[in-house]
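Undergrad: Whatever this is, show me its structure:
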Amino acid sequence: MDEQADRAPRRKRQAPGQAPGNHSLDDFLAEIGGRVREARAKRGMTRRILANDSGVSERYLAKLEGGTANPSAAVLRQLAQAMDYPIADFVPGAQGVPNGMEAVVGQLRTIGVDRMAEAASLLAANFGAGTKIDRARRIALIGLRGAGKSTLGRRLAESLDVVFVELNRLVEQDYGASVGELLALSGQPAFRRHELRCLEKTIAGHEAVVIATGGGIVTEPQTFDMLLRHCHCIWLQAKPDDHMSRVMAQGDLRPMARNREAMKDLKSILAARTPLYERAVATFNTSGRDENACADALLSLSRKLIG
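TA: The predicted structure follows:
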């Protein structure tokens, strides 16, 4: 199917009322490609993985993300399903603001990124259909792989004398196989369902807990909203080089396996997710400090958050 779509640009298909080579159509296709590329980065998927999961060839994906392909609705549907992503988010102009919401959206645009978490909390508290913000003594660590979530989270839980939960390990227990196998066999939608269910169980079962989350949890709105409402979220930051070296030092060579652009991919993922990570109530940089110094500073920060 993608091979047929691949021929579309060479036939110079045009939108109604547009002449071949119209710049507005070129811009439209370029924006679709950019949105697909951003969605893939948020999900942390390489082009090869997305091609395998969607059935759309890697060659065609490269053209699409470069803005030189004219994808059919069927191709966009395949990509949306593989990434568990709203298909409308790929199409410019498809997410129009409903009547009456313009003023609200306009007001939100005037708020700095550093206050978005506060705005989200106020909206949830006043218009959240009965949901209550109750973070209790729950600390959730978010960030990319290699930031130190598992190592520092375990030490933090021990210092606070609370339970430590590594969310991906719960997902594996819930599914009965590794996260890698879950993704390979059932895809992103199944993983996100298990992740949400395991987070719900953790929150319901513990008023005091330290949770180490998966790096992509912030890309699933419902799950991340629950995390923000019920946990004090701390974004563990690190330099891209540190992320990569720490993961490899743990014996995980997957970031480099058959991927010469691993560092470029990592930086793209970080750039795409940064606005989401910034919704955390606090940030903590783990680069340039040894483990003991990080553990002590993170403990101090966490105590301030939970009182």
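Undergrad: got the residue ranges for the helices in the stretch 201-307 of the chain?
TA: Applying DSSP state H, counting those that start in this stretch to the stretch 201-307 of the chain gives helices spanning 221-230, 240-249, 262-277, 291-306.
Undergrad: Can you pull out the low-pLDDT segments for the protein?
TA: Within the chain, the segments meeting pLDDT under 70 span 1-23, 95-103, 105-107, 109-110, 112-114, 116-118, 121, 124-133, 248-260.
Undergrad: Now do the strands in it.
TA: Counting by DSSP state E, the chain has strands at residues 137-142, 163-166, 208-212, 232-237, 282-285.
Undergrad: Now do the third one against helix 291-306: the angle between them, please.
TA: With axes from the mean of the first three to the mean of the last three Cα atoms, to 10 degrees applied, the angle from strand 208-212 to helix 291-306 works out at 130 degrees.
Undergrad: And for strand 208-212, what's in contact with it?
TA: By Cβ atoms under 8 Å, 6 or more residues apart in numbering, the surrounding residues in contact with strand 208-212 are 136-141, 149-150, 153-154, 156-157, 160, 162-167, 199, 202, 227, 231. Heads up, the C-betas are built off the backbone N, CA and C, glycines and all.
Undergrad: buried subset of those residues?
TA: 137-141, 149-150, 153, 156-157, 160, 162, 164-167, 199, 202, 227, 231 (16 or more other Cβ atoms under 10 Å).
Undergrad: got a markdown table for the helices of the stretch 201-307 of the chain, with distance to residue 53 too?
TA: As requested, those are arranged in a markdown table below (distance: least, Cβ to Cβ, whole Å):
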| stretch | distance to residue 53 |
| --- | --- |
| helix 221-230 | 20 |
| helix 240-249 | 22 |
| helix 262-277 | 16 |
| helix 291-306 | 35 |
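Undergrad: between these, which gets nearest to residue 119?
TA: Across the helices of the stretch 201-307 of the chain, residue 119 has its closest neighbour in helix 221-230 (11.4 Å, Cβ to Cβ).
Undergrad: in the chain, which residue is closest to the centre?
TA: Centroid-nearest residue in the chain: residue 219, 3.0 Å away (criterion: Cα atoms, centre = their mean).
Undergrad: Would you check that that residue makes contact with residue 275?
TA: No - with contact defined as Cβ atoms under 8 Å, residue 219 does not reach residue 275; the gap is 10.9 Å.
Undergrad: Good, we can wrap up now.
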